[in-house]
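Q: here is my input; please provide its structure:
(one chain, ligands or ions: 1)
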Amino acid sequence: MSLPPSHIIIRPPVEAYSILIAVTGGCSWNECRFCGIYKGVQDYVVRPLEDVLRDVDYLANTYPNHKWVFLGNANPTSAPTDYLVQILRYVKTRFKNLERLSAYSKALDIVRKTDDELRQLKEAGLDIVYMGLESGSKTVLRLMRKGTNDRTIIEVGKRLLQAGIKLSLYIILGLGSYEHSEDHVRETARVLTAINPTIFRFRTLNVIPSSPLWTDVQDGTFKIMRPVDVLKEERDILQHLGPNVTSEMYNDHISNYVTFSSKNISLDKERFIREIDSLIEDPRIQQMEPKWLTHM
Ligand code: SF4
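A: Numbers count the residues shown, from 1 in each chain. Below is the predicted model of the structure:
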C-alpha cells in the first residue's frame, strides 16, 4: 500500500519542531541500496500546486507564529523551479515570523538547475538544504547506487553555497564496510575539504529490511562494521580534513555511537579526535556489538 504524497515519512532530527509540508511524495531516485525509506511505501510524485498551497494555508492559520518550516518528502528540489518559487514565496508570506525554510535535496536535482534558478530559490526564501553525501568514495557511491559521484557533489555543493543556500551534508559511517573503509575515509574527507559545507552530520549505517542491502547483510556478502571500527572511521575522517574546513558538525542521530556537536569543526577537531581515541581504547567499546535498528 502506497502512502499518500501528503504524508511526510521522515525529516531531519533538527526539524523535529518544524511545520512539515509535503511538496513531493517519495523519492525521485529511490535506487540507493542502503535506503528502504520509500521503497514500497510511497511513490514519487510532484504534488499539485493548489494542494500544497492549501496545506500552507491550513498550517499558517493553525500555527501563525511558527518560525521553522521544512519541505518534504525526499527531494522537493526535484520539482520545477517556477513551481518551487511559488511555494517558497507563499510560505514566506503566510508565516510572518519565519526564521528557517528548509528542504531535503538530492545532488541530481541541483545538477539540473542553472545558477540563476538556484539564486531564484534563495531569493524566494530557501535557506538550507539537507543532502546525502554519504561517501566521497566513487567506488562506495557506485556500489550503493547513489546516482552521483564525488565530482558531481563537489560541483553541486559549491554552486549551492555560491547561490547563498546553506548546505548540510550527511555522511554514513560504515557504508563501505571493511573492504572500502580506507577509501571511504580518505575520499569523504577530501570531498568535505573541497566543499567546506555549512554543516556536515555523521550517521552510522543501519540496514533496515526494506532496503536492498538487507539481503547482502543476511547472506554475509556485506559486513556491518563493529562500533569500535565505526568510531575509527569518524576519527580518521576528522583527522584527514583540510585546515580550511570550518563547518558546523553534528553527530545528532540515534544511529551514532557518540554524540558531538561543534559550531566550527576546525576549533574542536583535535578535542573530538582525543575523545574518540579514548573510546576506541575502552575494552567495553571494543566488545560492543552493532546497534540493530530495524526502524528509525
Ligand atoms: S537515500 Fe535519499 S536519494 Fe537515496 S533512495 Fe533514499 S531517499 Fe532517495
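
Q: now do the strands in the stretch 101-250 of the chain.
A: For the stretch 101-250 of the chain, applying DSSP state E, counting those that start in this stretch gives strands covering 128-134, 166-173, 199-204, 248-250.

Q: please save the CA atoms from the first one in PDB.
A: As requested, C-alpha coordinates have been extracted for strand 128-134 and formatted as PDB (Å, rounded to 0.1, in the frame of the first residue of the first chain):
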ATOM      1  CA  ILE A 128      19.100  25.500   3.700                       C
ATOM      2  CA  VAL A 129      19.100  22.100   2.000                       C
ATOM      3  CA  TYR A 130      19.900  18.700   3.700                       C
ATOM      4  CA  MET A 131      21.700  16.400   1.200                       C
ATOM      5  CA  GLY A 132      23.200  12.900   1.400                       C
ATOM      6  CA  LEU A 133      26.800  12.900   0.500                       C
ATOM      7  CA  GLU A 134      27.000   9.500   2.200                       C
END
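
Q: list the helices and strands it packs on?
A: Applying 3 or more Cβ pairs under 8 Å, 6 or more residues apart in numbering; DSSP states H and E, one finds that strand 128-134 makes contact with strand 100-105, helix 150-162, strand 166-173, helix 181-195. (C-beta placed from N, C-alpha, C; glycine too.)

Q: please apply the same query to the second one.
A: With contacts defined as 3+ Cβ pairs under 8 Å, 6+ apart, strand 166-173 has these neighbours: strand 128-134, helix 150-162, helix 181-195, strand 199-204, helix 227-240.

Q: and the longest one, how far out from the chain's middle?
A: Its chain's C-alpha centre and that of helix 181-195 lie 16 Å apart, by Cα atoms, centre = their mean, to the nearest Å.

Q: give the buried residues for that helix.
A: Neighbour counts using 16 or more other Cβ atoms under 10 Å place 181, 183-185, 187-195 of helix 181-195 among the buried residues.

Q: contact partners of that helix?
A: 133, 135-140, 150, 153-154, 157-158, 161, 167, 169, 171, 174-176, 200, 225, 229, 233, 236-242, 244-245, 247 (Cβ atoms under 8 Å, 6 or more residues apart in numbering).

Q: that concludes my questions; thank you for your assistance.
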